[in-house]
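Q: sequence isn't available, so here's the structure alone:
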């Protein structure tokens, strides 16, 4: 049986925690990248959903003009952020 000194044990422990942190950080980053940068399929699906919302857009009961305009702006600006540009 090998005896490991206390400073060496501490270094091993800190190193393993650092490696675990990096692995978890990488998994989190990959998940966020997939969710927000999107694959082309996800991006196309989001664009189709927003186009559908645009086509069905109308003022809701008890909705102010300001709220309706804000909702409309979100619908038309999101495809632009996804790289979809429409001509007039």
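A: Sure, I can see it. Since the model is a prediction, treat every value here as computed from it, not as a measurement.
Q: helices and strands around the host helix or strand of residue 45, which ones?
A: Per DSSP states H and E: residue 45 is located in helix 40-55. Secondary-structure packing of helix 40-55 (3 or more Cβ pairs under 8 Å, 6 or more residues apart in numbering; DSSP states H and E): helix 65-81. All C-beta atoms are positioned from the backbone trio N, CA, C, and that covers glycine.
Q: now the angle from the helix it packs on to helix 40-55?
A: If you take axes from the mean of the first three to the mean of the last three Cα atoms, to 10 degrees, helix 65-81 sits at 150 degrees to helix 40-55.
Q: what residues sit buried inside helix 65-81?
A: 75, 78, 79 (16 or more other Cβ atoms under 10 Å).
Q: roughly how far apart are residue 81 and residue 18?
A: 36 Å (Cβ to Cβ, to the nearest Å).
Q: ok, back up a step: what sits up against the helix holding residue 45?
A: Helix 40-55 has contacts (Cβ atoms under 8 Å, 6 or more residues apart in numbering) with 34, 38, 75, 76, 78, 79, 82, 83, 84.
Q: which one among those sits at the bottom for pLDDT?
A: Least confident of the contacts of helix 40-55 in the model: residue 38, at 65.
Q: tally up the residues packed near residue 26, please.
A: Neighbours of residue 26 under the rule other Cβ atoms under 10 Å: 10.
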